[in-house]
Structures are given as structure tokens and as C-alpha cells.
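**Q** build me a structure from this.
(one chain, ligands or ions: 3)
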Amino acid sequence: MDIAKVVVDVPVSATDALFDYHIPDHLKTVVKPGVRVVVPFGPRHIMGFVVDLTDDSDFDKLKPIQRVMDYEPILTPELLKLSKWLQHETLCFRISALQAMLPAVFKAKYEKEVWLLTEEDALPDNWQRVTQGREVIPFQDLQDAQIPDSQITKHIEVGDIELKYVVKGKNRVKTDTYVKLALSEPETLEKLDDISKQAKQQRQALMWLIDQEEPVRLKQLQQTLDVTRGPIKALEDKGFISLVQREIYRDPHGAEQQPSQSLPLTEQQQNVINPIMDNIEQSKHDVFLLHGVTGSGKTEIYLQSIEKVLAKGEEAIVLVPEIALTPQMVTRFKSRFGADVAVLHSGLSTGEKYDEWRKIHRREVKVVVGARSAIFAPFDRLGIIIIDEEHETTYKQEDYPKYHAREVAKYRGDYHQCPVVLGSATPTLESYARAQKGVYRLLELTERINQQALPDMEIVDMRKELEKGNRTMFSDALVDKMSERINRGEQVVLMLNRRGYASFVMCRECGETVQCEHCDISMTYHRTQHRLKCHYCNAERPMPDVCPNCESDAIRFFGTGTQKVEEALREQMDNARIIRMDVDTTSRKGAHERLLQQFADGEADILLGTQMIAKGLDFENVTLVGVIAADAMLHLPDFRAAEKSFQLLTQVSGRAGRHELPGEVVVQTYTPEHYTVEMAAAYDYQAFYLREMQVRKRFGYPPYYYLVLVNLSHSHHVKAVDASKRVAELLARELGDDAQLLGPSPSPMLRIKDRYRYQCMIKYRQRDDVESALSQLLNQFQKEMTQDDLQLTVDFEPYYFM
Ligand SMILES: Nc1ncnc2c1ncn2[C@@H]1O[C@H](COP(=O)(O)OP(=O)(O)OP(=O)(O)O)[C@@H](O)[C@H]1O
Ligand SMILES: [Zn+2]
Ligand SMILES: [Zn+2]
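**A** Ligands and ions are numbered 1, 2, ... in the order given. A predicted model of the protein is given here:
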């Protein structure tokens, strides 16, 4: 086969096809599906992915592949196939789909290095002339010496060498110094007399090294024997030992964990795990919806299912929402499966992500715990996929490809014939409805472990507080209960529902608010820097002293930011020790973990934070949860507002009373009569589901209809309006009879970053009714998108409507 089908790195629809290239003879053994190549394209050379090999082409006179970029496939055949499916499902470019599956290192600028895994003399002469005693050599040196690609591939395949990508700049493969004997054991013993009897440390180090089978880390030697650098240097100078640089993995999660054993399951847990285990045993693919109240032991179900999968010699993917990917969560997996676990999340540096990916690619780990993109882990013997907190909206990617990890999981589960487990205390309506219809298999855990009761939820009507004359942001009930806990040495979690709230600046004289110059939104006041920031475009400016409109000095900030709550809290409870967690206090790397650790160590009484503290935390000593503004997001222009509020209230109350001590929750709200608040307080998921389904049915929203959102933006308002009309016309003409077109209408945030934004929403039941219309739309507007400033996106199953 001497023709390669290549997806080239040019994201415009005219090029979104496979291109045929001739494979020159010297690259025959190297070019395989899943490797990247450099190919001529017009006047340039560009990168492309080989996705297939073939003998025939409809074209004669094919151009040749210029060179290869990878010497082993970086994508499996399954993932290549999946990229095609993604392209079709999300209407993205194939190249975007392929790139979404790989760590950023493959997109970034990088250099290649060749690492010797064998003794130098095992390599042919032409290699030794290049290596010259080095264990790591720049790839360029091989090319300069004109070593053929086919030879490189061969040596990689037999394991003589390994090729590594080094991101240019800071992220290098990380190394450490190792010590090994330079001579054989008898030679060493023979020469031992060269070392003076006084040099005890040198002798001791040498004798210890003789007993080691492998080179050891210098640090380990120094620590074990308590020797300084001097004696080591002396041994090296005398030719007894050599020091070499070896690769080590960055370990973002620190030291070894205490091993943990599986717990004997409760009867409910046993009933729930049985069907999953059957699936694993029979290599069957079902989608399970594990609906379990908070603290019901869902994680233990995941752990024991994975154990079974590993025993079968297969692999597991566990998805966890980004903000729940706390050290606590990671520890639960690492302590059960030790070094078999890789962790992938956005907090890692490019280099760290690449390290973790490589462990998977080389099959050095069997379990991946990660955020959304971990769904693309390049395993080839997948035995289970678990999505914890399946209702989390972060599983949907907002950039191209706009995929939902749940759908990718189902694709991969079907491909590998293995179970997919979706877990949540508050499943999405979509998933629960599917379970009701029998599309998913419903598994329920209705009790907490040890029959611990779910914490009592008290609803406080803040309007009544105001009537009573309480003008603070804390109700009397909340303050009393907080003091009580602090006096008893227990801890409190306080959540400010920040969405929809912020501290904005307003003039009390004329009512002027300070808006961002580029976006339709009030700027947010940041007390520490005494500056105003826009949360959409990051624009900043100093806090004005006088109103820009009327020059009055009565300009103040309003609203409830976490900083402001913290101050109020300090005023009201002067003996309380408070840790605040929000975007400002957690922006530095590792800060998130450090704050949680401090709280776990009892260094604070109150953990105050935004949504980011609602999930996954499991602190023994927390007996009170307070929610400051439960309804803050009930009224957002989003048909999921009620569902999201219900989920958040349930999640955050689940943080209390998870262990011996009983828990309590205080929910402050201005709309206590709203069914969402009432039903969340009663922990009545069923009732909420039924009620909310009626609403969805009445207004024609998911799960009764599918949605697709067409967003467009332009820097000229008139052009944006004009384009929106033409988009709507095309859609009205081309959509199937059963699809409903709504719009065009201005987006709720009309302007962001100086761009005017419009949208059309389509409701449909059959994909056939929308697919060809949307493809045509993208094709027709392609030219305007590349040549004019128009941006147009199609978003299936949208989560973001602003
Ligand atoms: N079979 C068991 N026996 C004893 N303890 C258990 C058992 N299963 C789970 N636990 C413990 O119960 C606690 C709650 O379990 P877990 O965190 O798995 O619940 P969860 O349903 O995942 O909770 P959430 O959804 O709130 O995060 C944990 O401390 C866990 O170690
Ligand atoms: Zn802005
Ligand atoms: Zn004013």
C-alpha cells in the first residue's frame, strides 16, 4: 500500500476532506494510520494525520509525503474512527476532532529527543557516531546524520530507543540523577584498595551500590546512607561509579498513598453492583444510571467495579468534574490502585499532562481519573467507563468540537462492549427520562451509608428577616447555628451562589452603573486591588472616585461578592476563623488544594466559597451547611435554571453530616415557595423530576425535544443583524417539517468583547430534520467567515445560552 489518506491541518470546509499522498519507499515501514506527517499543500508544507492506507486513488500524480512527525501511532484505530463520528455528530472539522483527543503538547511547538534504552554498543555504527556516549540526543542530530526513518522506526519497535516530545520553553521531560557502578562487581571489589581506609563513606556507598540491581536515584543513596556529595564526587572521579540523567515522571499528586482495601458492601450497594459486574463478566455494553443520594457510597461501587475490570486485564476511565477533582478524590483511587492510576485535569502543566498521557499510551497505567478530555484516553482494552456527577455541565465542551463526554463514553462503551456507568445524586432530566424508558438501566441507592439521615434542611425566608429589621446578609437562624458549631469545635461550609450575583458599582445619586466598554455587563469590584474587572473579557480599570456620569462622590459597590460576605462574616462572628475559596483565592497553582487541606486539618471554622465547594468534599467535622442565596440563579434565562438550582442545593447539603455527627442545612432564599427550593429541601428528586418534566413538556424543551443553537457574531452591529436574518431565512427554507425555528434574536448578552451576538434556536425530534440544513448553512457562510469578520457556530445540545 503506497498511498496514505491524510487529514490536513487546515480548518476550512473546502479542505475538510481526505487528501491522498504518495508514500515514498523509504517511509513505507514508517507511515501508519495514527501518525502525523508533513505534506506539501499548495505552496506550503503542513501537518496532517494519516488516517488510512490504500492502494488506489482517484487521482494520478500524487505528491509525496515529505516526512513523518511520529514514529509510532499516537492515535489508535478506534480513536481515528471516533474522530469521524465526532465530526459528524458535532459538525466540526475532522482536524479539530483529532486534535481534541490529544494533549496540547502535540499542538504546541516542540522538539524531539531520542532516548537510548539500550547500551550504545548494541546500536549500529552509524548511530554510535551520533550518540557519542550520550543517553539523550536531539532528534535533529539523527536527521543531520541522515539516518533513515525506517531505521528509526525499527529501533523504536524493538525497544532500543524512545522518541520524546519536548515542549519548547519550560516544559521539558523531567529528569533526575541516578548512580550506577561503572565497573563490574568483581572489578569493583578488586579495585577497592584504591580507596583509602579512612574514606568510610566512599567504601560504604560502593558496597551498598553493589547490592543494587538497577541504577538508583542519587537522592535515595544519599538519604539511605546519609552521605554528602563529596564522597560521591570522589567515587565518580576515580571511575567507580557514573552518574546518569534519567527521566522521571512529574508527580503532581505527591507521595505514595496509604493502601486501601475494598469495603464489604451494604445490601443496597450489592444489589446495585451486581448488574454492573455481570456486564463486565459477559463483556456486554449497557448504560447504567446510578442514582444514589449523597454519601450513599457510589464511589465504592466505582472502585469495586474497576477492580473487577483490572482483574480481567482491562482498563478503566473515570470522569470527574474538574472542580471535584480534588486531592481527596484522587487519593481514593490512588490508594486502591496505586501506580496504576493516571490523573488528567486542567490544573496540570502541558508537560505534566503529556507525562500522564504517555503513561496511558505506553500501557503503564490501567486507570485514568480525569476531567472531560480524559474520555479520549488511548486505551485499547477498555473494560468500563464511569462518569461521576453525570449532571455536570462541564462534560460538554464549549469549543469545537462541541462534544458531550457522555455521548463519547457511549460510543466507546459500545465499541469495546463494556459498561458505561453514569452516577449522580441528581441525574439530568434527560438521563433519568432515558432510564424511565429503559434505554439506560436504572440503579438506585436510596440510603446513606450507616443509615445516616440526610441533613435537615431549614428554609429561611429572607423577606421576613428584613421585616424583622435584620439588614445583614445572614439570617438569625444561620448566625445562631454557626456560633453553636464553632463553640462545639465543629465546622461550617458556607456557600454563596455566585451566579447572577457580583459586586457591581452604582452611583446612588443618578443610578449610573459602571459597564464594561466592550461587553454588555456591569464590571465587578475587586476589593484587594481596588479595581473593576469585566468577567467576560478581563478588561480592568481603576475604581472611579466620582461618578463618571454626574460626578457625585456617592459611587459605591453593591451586590454580594465572596469578599464582601467574608467581611460581613468577620464583623458578625469575630471569633470565627474563615477560609475563603473563590476564583481569586484559588487562581495560583496548588492554592485550591492547600486551602482544602487547611480546612481538613481544622485550621478554620468556616469554609466560605462559591459553587466550587459544593462538590465531592467529604469532611468528617462539617455539621452545618449554609446557602446564602439559594435562588440566585433560578431566574437566569436558561431552561435548566430550576434543574441546576435543585442540583446545587442537593449537592451542597450533601457535604454535611457524612460521618458520625449529624448534619443540618440552612437555606436562605427570597422565593421559599418555589417548587425547586421546596423539593430540594425535602430531598424529593422524584417529585422534582415529575414537576419539571411537565414544564419541559409544556414549553417544548429537552428531554421532549432536542435543541440546537446557532450563534453568530460580528463586530459591526448592522452586519450581525443582516447575517442573522439570512441565517434564519436559510434555516426556515431548509429545515425539515417537524423542526421548529425560533429567532433570530439578540443573545441575552448582546455584546461581548466588542462583538454583537445573535442566535437562532431550533427544536427538533429527528436529526434528519436539521442535519442537512445545518451543513448547508456552514458551507454557505464559510466564505464570509474566512473573509469577513463573521463568526458562526452550531451547538447541538447547548448548555450555554447567554
Ligand atoms: N460499604 C461501605 N462500608 C463502609 N463505609 C462505606 C461503604 N461504602 C462507602 N463507605 C463510606 O461512606 C462514605 C460516603 O461514600 P461515598 O463518598 O462513596 O459516597 P458518594 O455516594 O460517592 O457521595 P457523594 O455523591 O456525596 O460524593 C465514604 O466515607 C465511604 O468511604
Ligand atoms: Zn468586557
Ligand atoms: Zn452619578
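**Q** run through the bridge partners of residue 385.
**A** Taking DSSP bridges as the rule, residue 385 bridges to residue 317, residue 420.
**Q** just the pLDDT for it.
**A** In the predicted model, residue 385 carries a pLDDT score of 98.
**Q** just checking, it touches residue 309?
**A** No - shown here, residue 385 and residue 309 do not form a contact pair, counting by CB atoms under 8 Å, at 10.1 Å. Quick note: C-beta positions are derived from backbone N, CA and C, even for glycine.
**Q** neighbour count winner among these two?
**A** residue 385 (30 against 24; other CB atoms under 10 Å).
**Q** now do the shared contacts for residue 385 and residue 309.
**A** Overlap of the contact sets of residue 385 and residue 309 (by CB atoms under 8 Å, 6 or more residues apart in numbering) consists of 316, 418.
**Q** and the residue in the stretch 551-700 of the chain that ligand 1 sits nearest to, its phi and psi?
**A** Residue of the stretch 551-700 of the chain nearest ligand 1, by CB to the nearest ligand atom: residue 654 (4.4 Å). Main-chain dihedrals, residue 654, degrees, to the nearest 10: phi -70, psi -10.
**Q** outline the domain layout of the protein.
**A** 3-106, 110-167, 175-247, 267-445, 456-503+559-696, 706-796 (automatic domain parsing).
**Q** show me where the stretch 651-800 of the chain has its helices.
**A** For the stretch 651-800 of the chain, the helices defined by DSSP state H, counting those that start in this stretch cover 675-681, 685-699, 717-734, 768-787.
**Q** which helices and strands does the first one pack with?
**A** Right, the one you point to is helix 675-681. strand 456-461, helix 641-653, strand 664-669, helix 685-699 (3 or more CB pairs under 8 Å, 6 or more residues apart in numbering; DSSP states H and E).
**Q** now do the second one
**A** Using 3+ CB pairs under 8 Å, 6+ apart, the elements in contact with helix 685-699 are helix 429-436, helix 641-653, helix 675-681.
**Q** next, the buried residues of it.
**A** 685, 688-689, 691-693, 696 (16 or more other CB atoms under 10 Å).
**Q** with the shortest one instead?
**A** Of the residues in helix 675-681, those buried under the neighbour-count criterion (16+ other CB under 10 Å) are 675-681.
**Q** in the stretch 551-700 of the chain, which residue sits closest to ligand 3?
**A** In the stretch 551-700 of the chain, the residue that lies nearest ligand 3 is residue 552 (4.7 Å; CB to the ion).
**Q** what sits against that residue?
**A** 507-510, 546.
**Q** and residue 90, by the same measure?
**A** 97, 400-403, 796.
**Q** and what of residue 199?
**A** By CB under 8 Å, 6+ apart, the neighbours of residue 199 are 231, 234.
**Q** can you name the residues of the chain sitting close to ligand 2?
**A** With the criterion set to CB under 5 Å from the ion, the chain comes near ligand 2 through 516, 518-519, 534, 536-537, 539.
**Q** highest neighbour count among these?
**A** residue 516 (24 neighbours).
**Q** that residue reaches residue 540, doesn't it?
**A** No - Residue 516 lies out of contact with residue 540 (CB under 8 Å); the separation is 9.8 Å.
**Q** between those two, what contacts are shared?
**A** Joint contacts of residue 516 and residue 540 (CB under 8 Å, 6+ apart) are residue 534.
**Q** for ligand 1, what are the nearby residues on the stretch 301-450 of the chain?
**A** The stretch 301-450 of the chain comes close to ligand 1 at residues 425, 449, as judged by CB under 6 Å from any ligand atom.
**Q** now the buried residues of helix 685-699 as a markdown table including distance to ligand 1?
**A** Listed next are those as a markdown table, based on distance: CB to the nearest ligand atom, whole Å:
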| residue | distance to ligand 1 |
| --- | --- |
| 685 | 13 |
| 688 | 17 |
| 689 | 18 |
| 691 | 23 |
| 692 | 21 |
| 693 | 23 |
| 696 | 25 |
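**Q** ok, back up a step: out of the helices of the stretch 651-800 of the chain, which comes closest to residue 16?
**A** helix 768-787 (9.9 Å; CB to CB).
**Q** packing partners of the closest one?
**A** Against helix 768-787 (3+ CB pairs under 8 Å, 6+ apart) you get strand 706-714, helix 717-734, strand 791-796.
**Q** and the angle from it to strand 706-714?
**A** 20 degrees (axes from the mean of the first three to the mean of the last three CA atoms, to 10 degrees).
**Q** buried residues of helix 768-787, list them for me.
**A** Buried-residue list, helix 768-787, by 16+ other CB under 10 Å: 769-771, 773-774, 777-778, 781-782, 784-785.
**Q** what's around the residue of the stretch 551-700 of the chain closest to ligand 1, how many residues?
**A** Neighbour tally, residue 654, other CB under 10 Å: 27.
**Q** neighbours of the closest residue to it other than its chain neighbours, how many?
**A** Using CB to CB, 6 or more residues apart in numbering and skipping the chain neighbours, the partner closest in space to residue 654 is residue 294 (2.6 Å). As a burial measure, residue 294 scores 22 neighbours (other CB under 10 Å).
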